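J.: Here is a sequence with its predicted model. Questions after.
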Number of protein chains: 2
Amino acid sequence: MAQRLTTSPRAQARADMIERIKDTAREHLAADGPNLSLRAVARDLGVVSSAVYRYFASRDDLLTALILDGYAAMGEAIETAEGEVSRRTDLLGRWLAVGWSARDWSLDHQPEYALLYGSPVPGYAAPEATIEQAQRPVTVAMRILADGVAAGTLEVPADRLPRAVRADLVRIAGFPGFEGVPPTLLARAMSVWAQLFGSISFELFGRLKNGVTDFDAYFEHQLRVMARHLGLT
Amino acid sequence: MAQRLTTSPRAQARADMIERIKDTAREHLAADGPNLSLRAVARDLGVVSSAVYRYFASRDDLLTALILDGYAAMGEAIETAEGEVSRRTDLLGRWLAVGWSARDWSLDHQPEYALLYGSPVPGYAAPEATIEQAQRPVTVAMRILADGVAAGTLEVPADRLPRAVRADLVRIAGFPGFEGVPPTLLARAMSVWAQLFGSISFELFGRLKNGVTDFDAYFEHQLRVMARHLGLT
DNA sequence: CAATTGTCAAGAGCAGTGCTCTCTGTTCGG
DNA sequence: CCGAACAGAGAGCACTGCTCTTGACAATTG
């Protein structure tokens, strides 16, 4: 039993190989886009294609692993950036840290971003685990709002919400990590979140290319507009 | 010379074939996602694969044609819906028509939406013509704002814009169809546009699935939030 | 009207894909 | 130390986009 827990040499070798496969897969993702070729990955590793199937049951399985890693990496990047804001009462600063780190990570990992937030792969049905991990980034933002509400420094908007919308929001507010965010504020948060990733997608997918030139300034401005909509000063 | 202009039987047959190819390609797009197979399309048409190359130089060319058609179709759907609002001074009504028709079209043409607004195809570089057509839907929204400004019924926001952002916006405001929209309002419009398509993408790509249940009510609410941000009453 | 020219589809073939199956070595663990 | 678990190789299937050559047909011209 103890041996099972301490990684045996074989298990270690296996874990290493899995990591190597994922790494080269990420490289190919960056080079050739989402049309990831298992054979090409195997070739790069000096291994025949069928060998890869010892580690991943299918190409989709490999993609799922990359997606999970992606959400984790992005989530961690955002959590770290947000955690480095020393004045925890500086809600605006914390929000800006979230926004910028989300965009920075996306720009630095464009193919992975496309995998996470782009069009879903055709036959591919996202496993339960992925949609769980997907909430990790947004949770950071929710904590900022909850902190503000708890401290009384963040005004809860008095928006009128239609019945059906309110019912959904009340349920969503019960998700782990979303506690302490009242429905009206949550509604605004979800709007802002759509706007944040809409903006990132527009920029990454080239939809602003023949308009905006100073992307950083434009994004900063957008972030501040969102902040004002959330009531962050 | 006259014969050249009136479609000769051959040119007619050719145009028909092109249309048939695009139609079946759209069907396959709907069934199997963006992994469009030229061979499968040819099979459906009872034709060998190489024959398709008489009409489209490559698979990418066929995709480009579908993308162009997609923007045109979506643009037309939005223009029609917006045009059917009889009280032209009802800016909010016109905006709601734009938003709803954009979402309706997207829901009814999910694979095409993914092609237009999802992650870009890897090796595929969007030709100039596509990014031109891509502005057709947004132009409709701009006209609403310009009409409001011209009539004096829409207040121009007095937002403070950073220098670099303002410079970009002034240039963008000069695009054909964007005339009469002052920079501060344009900034808000672009935010809202990102939010609109962020919301549609979130819904279509399943990112709201384990939260929202009444998608229509949620979207309507979002649209009204956006409208308020634009100053539409 | 006949000949030529342009167009079309077919078929073979190339290089690549995901994936399965069988076979041979190697290495670990009781 | 030996049986079992494991890793990789290789062949093969059905598929993909794309190219090139060949033969048939129709349209336009002399």
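T.: That came in fine, so what should we check first?

J.: residues near residue A:86, how many?
T.: 7 (other C-beta atoms under 10 Å in any protein chain shown). (Each C-beta comes from the backbone N, C-alpha and C, glycine too.)

J.: How is the residue nearest to residue A:134 when sequence neighbours are not counted assigned, secondary-structure-wise?
T.: Using C-beta to C-beta, 6 or more residues apart in numbering or on different chains and skipping residues adjacent in sequence, the residue nearest residue A:134 is residue A:71, 5.6 Å away. Three-state assignment for residue A:71 (DSSP: H, G, I helix; E, B strand; the rest coil): helix.

J.: Tell me the spacing between residue A:71 and residue A:202.
T.: Distance, residue A:71 to residue A:202, by C-beta to C-beta, to the nearest Å: 21 Å.

J.: Are the one helix or strand residue A:102 maps to and chain B in contact anywhere?
T.: Using DSSP states H and E, the element containing residue A:102 is helix A:91-108. No. For helix A:91-108, no contact with chain B is found by C-beta under 8 Å from any C-beta of the partner chain; the gap never falls below 11.8 Å.

J.: mind listing what's buried in that helix?
T.: Residues of helix A:91-108 classed as buried: A:91-103, A:105-106 (neighbour count, 16 or more other C-beta atoms under 10 Å in any protein chain shown).

J.: Run through the residues that contact residue A:139.
T.: A:177, A:178 (C-beta atoms under 8 Å, 6 or more residues apart in numbering or on different chains).

J.: ok, and it, which helix or strand is that part of?
T.: Going by DSSP H and E, residue A:139 is in helix A:136-151.

J.: Find the helix or strand that whichever residue of chain A sits closest to DNA strand D is a member of.
T.: In chain A, no residue comes nearer to DNA strand D than residue A:50, which is 3.0 Å away by C-beta to the nearest atom of the strand. Residue A:50 belongs to helix A:49-52 when assigned by DSSP H and E.

J.: Distance from that helix to the middle of the chain?
T.: Its chain's C-alpha centre and that of helix A:49-52 lie 30 Å apart, by C-alpha atoms, centre = their mean, to the nearest Å.

J.: Tell me the spacing between residue A:47 and chain B.
T.: Distance, residue A:47 to chain B, by C-beta to the nearest C-beta, to the nearest Å: 24 Å.

J.: do residue A:210 as well
T.: 6 Å.

J.: so who does that residue touch?
T.: Counting by C-beta under 8 Å, 6+ apart, residue A:210 touches residue B:131.

J.: Look at it and give its secondary structure.
T.: Secondary structure, three-state DSSP: residue A:210 is coil.

J.: Point out where chain A drops to low pLDDT.
T.: A:1-7, A:9-10, A:121-125 (pLDDT under 70).

J.: So which bits of it are right by DNA strand C?
T.: A:3, A:8-10, A:36-40, A:49-50, A:53, A:57-60 (C-beta under 7 Å from any atom of the strand).

J.: Beyond the helix holding residue A:102, next helix or strand please.
T.: Next element after helix A:91-108 (DSSP H and E): helix A:110-117.

J.: List of residues touching stretch A:17-26?
T.: A:36, A:41, A:44-45, A:52, A:55-56, A:62, A:65-66, A:69, A:111-112.

J.: from the chain's centre, how far out does it sit?
T.: 20 Å.

J.: And that stretch, what's buried?
T.: A:17, A:21, A:22, A:24, A:25, A:26.

J.: which SSE is the second one in?
T.: Read it as residue A:21. Residue-wise, residue A:21 maps onto helix A:9-32 under DSSP H and E.

J.: how distant is that helix from the center of its chain?
T.: 21 Å.

J.: same question, stretch A:28-42
T.: Stretch A:28-42 sits 21 Å away from the centroid of its parent chain (C-alpha atoms, centre = their mean).
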